[in-house]
Every structure is written in C-alpha cells, then in structure tokens.
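> compute the structure for the input listed below.
(chains A and B)
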Number of protein chains: 2
Amino acid sequence: MDEFETLTPAKKKEGIVFVISGPSGSGKGTVIGHLKEMYPNLGLAVSATTRDMRPGERDGVEYFFKTREEFERMIRDGEVLEHTVYNGNYYGTLRSEAERILGEGLDLVLEIEVDGAGQIRRLMGDRAVLIMLIAPSGEEQKRRLAGRGTDSEEVIAARVARAYEEIRQAPLYDYVAVNETDKAEECAKDLMAVIRAEHIRSGRMAEYIHDYFPDDGI
Amino acid sequence: MDEFETLTPAKKKEGIVFVISGPSGSGKGTVIGHLKEMYPNLGLAVSATTRDMRPGERDGVEYFFKTREEFERMIRDGEVLEHTVYNGNYYGTLRSEAERILGEGLDLVLEIEVDGAGQIRRLMGDRAVLIMLIAPSGEEQKRRLAGRGTDSEEVIAARVARAYEEIRQAPLYDYVAVNETDKAEECAKDLMAVIRAEHIRSGRMAEYIHDYFPDDGI
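Predicted structure coming up:
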C-alpha cells in the first residue's frame, strides 16, 4: 500500500481516468474490487440520477438529482461521461464531477460498457486510459457465458455474439488485460501496473520537466 | 459455425527492449541493479567488441569478437543497437543478438547514453520502450553533479549544461521516471510497472486477440 504513496511525484499533477470495460464474463467486477482495495489514491465520483430523491438524501451527496430532460440534455452536450438505464431511470458520471476529482490529483476508475468507452475517449482524450478485460480464451469466455446451464441455447448464443462484438473493439483500447480463471487479484496487479506506469508517461511529466530548470524555460 | 470454438490462444509473445537513459547523476546504474534483481524474465545479451580475444575466451560466449572495420560497417548498416568506446575499443549490442533474445520471449534492458536512444527508436520502432531517469529536481541534479567538491566550477558547469541538453530530450521518451534521493528501489518499482504494463498494451495483444476467434480473422 505505502509503496504507492510515492507514486505521484512531489509536484502537483492531475489525476487520470481509468476506464475498465469487458464483455460479460470477463470478471471485471471482481477485478475492480481487488483494485480498489489495493489503490488508495482513487477518487469517488458522486453519480447523477433521474430517480426521485428519497427522504434524507441531499443533492450532490448521495447523487446529483436531475430531471430526465436535464439528464438527456447533458448527455447530448457531452456533459455525461457514461450512463446507464436502470429501472427506467438514468444513472451516470458527470464530466464536471470527474474534473473535480482529477483536479485534486486523484484518479478515477470507471467500469463502463464497451459501447461507452469510445465516448469517454472522445470527451477526455488521453486524460482517459482505456483497459479491456478479457477471459483467457474464447472457450473460457463461452463457458462463463453459459452460466449455470439454466439459460436457453438462444440466450447463450446472443450473449456470445455480443461478447464477440465487444472483443473486436480491443484494438481501440490502450491495454488488454487477461483475467485468468481464479486469478482476479493477479489481473488487478496488471491494472495497478498500468496505473503506476501511466503516471510517468512522458506526456504527463511535461510540467515536471518544465519546472526542472525554471530559469531556462525548457 | 461457432466463433468461440477455439484452441487455447498462443501465449508465446515477443520480448520488449527497455532502453534506460538519464543524465549523469540520475542514478541509473543503481536503479538498473535493483531492477535486474526484481525481474527474472530478462535476457542477457552477449556484447560485441573490437578488443583482442584473450586465452580461453570463445567468440559468441564472452563476446562476439569483431574487427574494427567490421564493427564500423555494422554501425553504419544499423546492425548495432548501441555502442560505446572504452580504452580505444568498441563495445556494443548487436541487433541480431537482441532479436534472438526477444524471439525467446525474454525482455532486454539496455542502459544507454541519451544520444543513443533515438537510434534504437529508429532501429526497433515500438518494439523498444524508452525510459528516461532523472533526479527529483534541477537543484538536486546540480548537487549530484557537483560531486565531492574537488572539481572546478567550469567542469561542473559543463556537466550541468550537458544534463540540461539531455533532459530536454525527455519528450522523445515514452516514460520519465524520477529517482528520488535514496529511493532507487522505488524507482526500480516504477520501471517494473512500466515493464508489466507494456506487455499488455493492446498493440502487443493483437495476436492474442486474433487467436481468440481463430475462424473469424478478427
């Protein structure tokens, strides 16, 4: 844990958005769980939603509460980094909230459908790092999608086809991490390595280098 | 025709050349020492030299022994990844030797003068990853270059000017790692993270993804 306290150099640096996607069956939930335990420098974004505020909830604390019209307008205007629909309501991450966290020097991990990752690339450029998780093989991927044998062949075939389409997007990602069966923690270590490495990419060190010889305007 | 009917993907992957440079005073020797202790998957390249073969030495074991004419011809033809002159003799790493190691799936770490890193980029493209090590600040860099106070102001100024020129090259590198004073091991961990992350960059996973669905030529 404390080995990462030195991860960010002394000078103030912006955080990075790490986008983690993968087809159903890639095990991304488990991997992200391990990652969050390993890495203390993560910011927690308050989500936005269109569901009704419940007693005791406060706007900007549990959620940012938006009307449907407002949420849809924000999606159109690129103010929502990612969103999903659950029980007829929108849930999503506001770009402004992400900016606040990055500005504090914290990183953000977003678990996102493969469809939404390209949108984040467009909105955030190389301030976002895209990582796709995959099962170790097509066979294993299929086995995981077949589940407990309670689903029809057709349902499974549809899942497989969707995973196929999603994995085709891998070249658009920056990294492809293989989640070997029963090794989610190893996979999380791959993601930690990506986080640590991305922080010292030369493009992100430009300001550090600039400050190196302040008199020389390097 | 089921796209998920597949063999276990080919795990065989080519190694990567990690080029580590940095100005005098960046502490790269110490950091690389730690790195080599941490990382078992490094290949050991037999160097080439123009010095005379000594009794008991065998060509291709201790060194590849070359004539001066041959060595210079190989440099001109881009067959030498990096070289230096010591005691009037050339010493260097042959491209063919690097290729042999990468082909075995091992990585190669080369400690190289800043001047030589661009040459490796030209010869190896993105099969080489360039990392610059720097001291934590310009002040600290100057302090390290001043040494034990036995050198003249002029000698020190020349060293500082050279370091300045070298650090200007940082944007041409892929990564810039800060070697904090007395924390060479932390810096080596940064390099380990880079090595781990670079192995799962999507460009290097293309074959893995390709083998995922062997029938579809994805």
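> each with direction, which strands does the one helix or strand A:V19 maps to pair with?
In the assignment (DSSP states H and E), A:V19 maps to strand A:17-21. When pairing is defined by DSSP bridges, strand A:17-21 lines up against strand A:108-111 (parallel), strand A:128-134 (parallel).
> low-scoring stretches of chain A, by residue?
Counting by pLDDT under 70, the ranges of chain A that qualify are A:1-12, A:148, A:213-218.
> quick revisit: turn the strands paired with strand A:17-21 into CSV, including mean neighbour count.
In short, each C-beta sits where N, CA and C put it, glycine included. Output for the strands paired with strand A:17-21, formatted as CSV (neighbours: other Cβ atoms under 10 Å in any protein chain shown):
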stretch, mean neighbour count
strand A:108-111, 20
strand A:128-134, 26
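> after the strand holding A:V19, next one along is what?
For strand A:17-21, the following helix or strand on the C-terminal side (DSSP H and E) is helix A:28-38.
> re earlier: now render the strands paired with strand A:17-21 as a markdown table, adding distance to B:E185.
Output for these, formatted as a markdown table (distance: least, Cβ to Cβ, whole Å):
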| stretch | distance to B:E185 |
| --- | --- |
| strand A:108-111 | 27 |
| strand A:128-134 | 26 |
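> on that earlier part again, list of residues touching the strand holding A:V19?
Strand A:17-21 has contacts (Cβ atoms under 8 Å, 6 or more residues apart in numbering or on different chains) with A:28, A:31-32, A:81, A:98, A:102, A:107-114, A:116-117, A:120, A:124, A:127-133, A:166, A:173, A:191, A:194-195, A:198.
> around the nearest residue to A:R144 once chain neighbours are set aside, count how many other residues there are.
The shortest distance from A:R144 to any residue other than its chain neighbours is 3.5 Å, reached at A:G25 (Cβ to Cβ, 6 or more residues apart in numbering or on different chains). Using other Cβ atoms under 10 Å in any protein chain shown, A:G25 has 21 neighbouring residues.
> again, but for A:E37
Per other Cβ under 10 Å, the neighbour tally for A:E37 reads 11.
> check the one 10 residues further on too.
As a burial measure, the neighbour count of A:S47 was computed by other Cβ under 10 Å and equals 17.
> against chain B, how distant is it?
Per Cβ to the nearest Cβ, to the nearest Å, A:S47 is found 28 Å from chain B.
> which ones are touching that residue?
For A:S47, the contact set (Cβ under 8 Å, 6+ apart) comprises A:63-64, A:91-93.
> just A:E198 next, same as before
A:16, A:18, A:129, A:204, B:197.
> tell me which stretches of chain A form strands.
A:17-21, A:48-49, A:64-65, A:80-86, A:89-94, A:108-111, A:128-134, A:175-178 (DSSP state E).
> does anything pack onto the second one? Which helices or strands?
This means strand A:48-49. Contacts defined by 3 or more Cβ pairs under 8 Å, 6 or more residues apart in numbering or on different chains; DSSP states H and E place strand A:48-49 against strand A:64-65, strand A:89-94.
> in JSON lines, list the ones you listed along with distance to B:Q141 and mean neighbour count.
Formatted as JSON lines, the helices and strands packed on strand A:48-49 follow (distance: least, Cβ to Cβ, whole Å; neighbours: other Cβ atoms under 10 Å in any protein chain shown):
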{"stretch": "strand A:64-65", "distance to B:Q141": "46", "mean neighbour count": "19"}
{"stretch": "strand A:89-94", "distance to B:Q141": "40", "mean neighbour count": "20"}
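> in TSV, list these along with distance to chain B.
TSV is the format used below for those (distance: least, Cβ to the nearest Cβ, whole Å):
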stretch	distance to chain B
strand A:64-65	33
strand A:89-94	23
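> mind listing what A:I195 touches?
Contacts for A:I195 (Cβ under 8 Å, 6+ apart) come out as A:7, A:16, A:18, A:39, A:107.
> just A:L123 next, same as before
Applying Cβ under 8 Å, 6+ apart, we find A:L123 in contact with A:78, A:81, A:95.
> including distance to chain B and neighbour count, could these go into TSV?
Below are these laid out as TSV (distance: Cβ to the nearest Cβ, whole Å; neighbours: other Cβ atoms under 10 Å in any protein chain shown):
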residue	distance to chain B	neighbour count
A:G78	25	11
A:L81	21	25
A:R95	25	18
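> how about the helices in chain A?
Applying DSSP state H to chain A gives helices spanning A:28-38, A:68-76, A:95-103, A:114-124, A:138-146, A:153-167, A:184-198, A:206-210.
> which one of the ones you listed lies closest to B:T181?
Of all the helices of chain A, the one in closest proximity to B:T181, counting by Cβ to Cβ, is helix A:206-210 (15.9 Å).
> on contacts alone, who are the packing partners of the closest one?
Using 3+ Cβ pairs under 8 Å, 6+ apart: helix A:206-210 touches strand B:175-178.
> hmm, the strand it packs on in reach of chain A?
Yes: remark: strand B:175-178 sits within contact range of chain A at B:175-178, by Cβ under 8 Å from any Cβ of the partner chain.
> between these, which is closest to B:R144?
For those, the residue nearest B:R144 by Cβ to Cβ is B:V178; the value is 13.2 Å.
> for the closest one, give me its contacts.
Counting by Cβ under 8 Å, 6+ apart, B:V178 touches A:9, A:200, A:208, B:133-136, B:187, B:190.
> same check on A:R127?
Neighbouring residues of A:R127 by Cβ under 8 Å, 6+ apart: A:14, A:16-17, A:102.
> domain assignment for chain A?
Domain segmentation of chain A under automatic domain parsing yields A:1-43+A:106-199, A:45-103.
> quick one: end-to-end length of the last one, please.
Using Cα to Cα, to the nearest Å, the end-to-end distance of domain A:45-103 comes out at 13 Å.
> chain center to that domain: distance?
16 Å (Cα atoms, centre = their mean, to the nearest Å).
> pull out the buried residues from the contacts of A:R127.
Among these, those buried by neighbour count (16 or more other Cβ atoms under 10 Å in any protein chain shown) are A:16-17, A:102.
> just those now: which is nearest B:G56?
Distances from B:G56 to the buried ones among the contacts of A:R127, taken by Cβ to Cβ, are shortest for A:I16, at 53.8 Å.
> surely that closest one and A:V129 touch.
Yes: under the criterion of Cβ atoms under 8 Å, A:I16 makes contact with A:V129 at 5.9 Å.
> burial of A:V61, as a residue count?
Using other Cβ under 10 Å, A:V61 is surrounded by 9 other residues.
> would you mind measuring from it to B:G56?
Using Cβ to Cβ, to the nearest Å, one obtains 76 Å as the distance from A:V61 to B:G56.
> same check on A:D151?
The gap separating A:D151 from B:G56 is 70 Å, by Cβ to Cβ.
> more neighbours: these two, which one.
Using other Cβ under 10 Å as the criterion, A:D151 and B:G56 rank with A:D151 on top: 14 against 7.
> measure that one to A:A135 for me?
18 Å.
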